[in-house]
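1. Sequence and predicted model, in that order:
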Amino acid sequence: MKQLFLGLVVLLWLGGCGYKPSSYYAKEALGDTIYAEVSISRQDPRNSVLINDAVNEAIVSRFGAKISTKERADTILKVRIDSLSFSPTIYDKYGYVNAYKTSVVLSFTYEAKDKKVEKLTASGEYDFFIATNSIISDTNRYEAIKAASSEALDEFISKIAIKGLRNGNHHQ
């Protein structure tokens, strides 16, 4: 009961002081409807599809926006994979790899209704273990790319929110 009361006090204090999460300011900057387009890499089309899924999921869950057609969107968001890598991070005593780090760098270009175009780059990483004497499975690869892309999208959201605050794109 005491924790519930303390939680309520903190919630009221944050709401009373005008606190809003970064996703609020990102949504203010990007609008309610977003068209997302992920450039498909000819060298690695499967990863492009994974990143496309992560971008669409973030639009709905993190921005609270709706995926739209290009013609009806408040913002057109274009995403390109700048780099994607898997690097060994932990070896066992026999020299076999036990863990990898996935690194993703994404380039974002977004155009608002006012036709102003902004470009940002964001990166994400994800560490994971594999079974001894094995290779990276498709499941490991999928989860790692999705998690690293999600982290890059979080960074993008933060950058958009900061731009929104600096440019006065928020309502008091």
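-> Done, it's in.
2. Residue most distant from the centroid, this protein?
-> Distance from the C-alpha centroid of the chain peaks at Tyr94, with 36.6 Å (Cα atoms, centre = their mean).
3. What values do phi and psi take at it?
-> phi -100, psi 0 (degrees, to the nearest 10).
4. so how far is Ser158 from Asn133?
-> Counting by Cβ to Cβ, to the nearest Å, the gap from Asn133 to Ser158 is 39 Å. Glycine gets a C-beta too; all of them are placed from N, C-alpha and C.
5. ugh, wrong one, I meant Val117
-> 20 Å.
6. Settle it for me: which of these two has more neighbours?
-> Ser158 (15 against 11; other Cβ atoms under 10 Å).
7. any idea which element that one lies in?
-> helix 138-166 (DSSP states H and E).
8. Could you name the helices and strands sitting against that helix?
-> For helix 138-166, the elements it packs on are helix 22-30, helix 45-61, strand 75-91, strand 97-112, strand 117-129, judged by 3 or more Cβ pairs under 8 Å, 6 or more residues apart in numbering; DSSP states H and E.
9. Give the buried residues for it.
-> By neighbour count on 16 or more other Cβ atoms under 10 Å, the buried set for helix 138-166 is 140-141, 144-157, 159-161, 164.
10. For that helix, give the mean pLDDT please.
-> Mean pLDDT, helix 138-166: 86.
11. got the angle between it and strand 117-129?
-> Between helix 138-166 and strand 117-129, the angle comes out at 140 degrees (axes from the mean of the first three to the mean of the last three Cα atoms, to 10 degrees).
12. gap between helix 138-166 and the chain center?
-> From the chain centre to the centre of helix 138-166 is a distance of 2 Å (Cα atoms, centre = their mean, to the nearest Å).
13. Tell me which residue is most central in this protein.
-> Leu153 (1.5 Å).
14. Next, the contact list for Tyr126, please.
-> Contacts here follow Cβ atoms under 8 Å, 6 or more residues apart in numbering; on that basis Tyr126 touches Lys101, Thr102, Glu143, Ala144, Ala147, Ala148, Glu151.
15. Spatially nearest residue to Thr102, not counting backbone neighbours?
-> Sequence neighbours aside, Ala144 is the residue nearest to Thr102 in space, at 3.9 Å (criterion: Cβ to Cβ, 6 or more residues apart in numbering).
16. Surely the one you found and Phe128 touch.
-> Yes: using Cβ atoms under 8 Å, Ala144 makes contact with Phe128 at a distance of 5.4 Å.
17. list residues touching both of these two?
-> Tyr100, Thr102.
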